[in-house]
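*Asks:* pasting the sequence and the predicted model now:
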Amino acid sequence: MSNCAIILAGGEGKRMKSDKPKTLSEVLGQPMLLWVMNALRKAGVDDICVVKGYKKECIEEYLGTLDFKVESVFQAERLGTGHAVMMAKDFLEKHDGNVVILNGDAPFMSAETIEKSLSQHTSTGCAATVISARVDDPTGYGRIVRDESGNLRAIVEHKDADEETLRIDEVNSGGYWFDCKMLLSVLGSIRSDNKAGEYYLPDAIKLLLQSGKTVGAYTAQCSDAVLGANDPAQLEELNQIALKKGYTC
């Protein structure tokens, strides 16, 4: 059984005010996409598929410069994270192990977090495991709601959360481990009947829970795992954090 990875890298990142895909924006001189790929490879996950979208030729050109092989698929329309994973269905069908799905603009998702979340995922026999973190300010993040046993009961988006749920400081990083076959069993059932008309990957978690499957959540030891950048100021902040903490790509 081989483990694999899908990196979501189709976003335009309009607020970046850049002429390239967001994931090619740099932290300490290296694209955020490379930070994520290097973390995966250090964690022993070499079979990687990048979902490209906006200015796909820039992603293709960059991947062509690497000294390791990475597959890529094209998401012609950006219709949400679930839709992005649907574009990688053929890639998923080639695997019978587990897949980790990560955002290409989360440069501090470490190899240690990837390894330890996989270890928990496999030892507990969960259908899926959400990578979470505890943060000082959870505003804007989806909250991790657990049951009495510590298993995941729900991921509740900030806008949908009641007062009690808003007090939860454990948040969704946007990174997930899935059993490949389990993910494929629900992927086609994700619907876009929401205000944005998009297919959301967390709905795969909801569908697995509704079918009686157990879903876990692994809490990253460092909350930096959830950090990304949506504008130049946040990108600069990531650069400052990397310098201060000695992070390397």
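*Replies:* Nice, thanks for sending it over. Residues are numbered from 1 along each chain as shown.
*Asks:* and the spatially most central residue of the chain, what is it in contact with?
*Replies:* Closest to where the C-alpha atoms of the chain average out (Cα atoms, centre = their mean) is Leu102, at 2.6 Å. Each residue near Leu102 by Cβ atoms under 8 Å, 6 or more residues apart in numbering is listed here: Ala5, Ile6, Ile7, Leu8, Val36, Leu40, Met109, Gly174, Gly175. C-betas here are computed from N, CA, C, even on glycine.
*Asks:* what about the last one, neighbour count?
*Replies:* This means Gly175. 26 (other Cβ atoms under 10 Å).
*Asks:* who is it paired with across the strands?
*Replies:* When bridges are called by DSSP bridges, Gly175 pairs up with Ile131.
*Asks:* sorry, back to before: most neighbours of all the contacts of Leu102, which one?
*Replies:* When the contacts of Leu102 are compared by neighbour count (other Cβ under 10 Å), Met109 ends up highest, at 30 neighbours.
*Asks:* now it. Nearest residue, chain neighbours left out?
*Replies:* Ala225 (5.1 Å; Cβ to Cβ, 6 or more residues apart in numbering).
*Asks:* neighbours around that neighbour, how many?
*Replies:* 26.
*Asks:* next: the one 5 residues further on.
*Replies:* Using other Cβ under 10 Å, Asn230 has 14 other residues around it.
*Asks:* same deal with Gly53?
*Replies:* By other Cβ under 10 Å, neighbour count at Gly53 equals 23.
*Asks:* surely it and Arg78 touch.
*Replies:* Yes - using Cβ atoms under 8 Å, Gly53 makes contact with Arg78 at a distance of 5.3 Å.
*Asks:* follow-up on the earlier one: ok, which pair from the contacts of Leu102 is furthest apart?
*Replies:* Comparing every pair within those by Cβ to Cβ identifies Leu40 and Gly174 as the most remote, at 14.8 Å.
*Asks:* name the residues contacting each of Gly53 and Arg78.
*Replies:* Gly10, Gly11, Glu12, Ala84.
*Asks:* tell me the SS of the third one?
*Replies:* Read it as Glu12. Glu12 falls in the coil class when you classify it by DSSP: H, G, I helix; E, B strand; the rest coil.
*Asks:* so for the closest residue to it other than its chain neighbours, what's the pLDDT?
*Replies:* Distances taken as Cβ to Cβ, 6+ apart place Tyr54 nearest to Glu12, at 3.9 Å, with adjacent residues excluded. pLDDT, Tyr54: 92.
*Asks:* just the buried positions in the one helix or strand in the chain whose mean pLDDT sits lowest, please.
*Replies:* When the helices and strands of the chain are compared on mean pLDDT, DSSP states H and E, strand 152-156 comes out lowest with a mean of 93. Buried residues in strand 152-156, counting neighbours by 16 or more other Cβ atoms under 10 Å, are found at Leu152, Ala154, Ile155, Val156.
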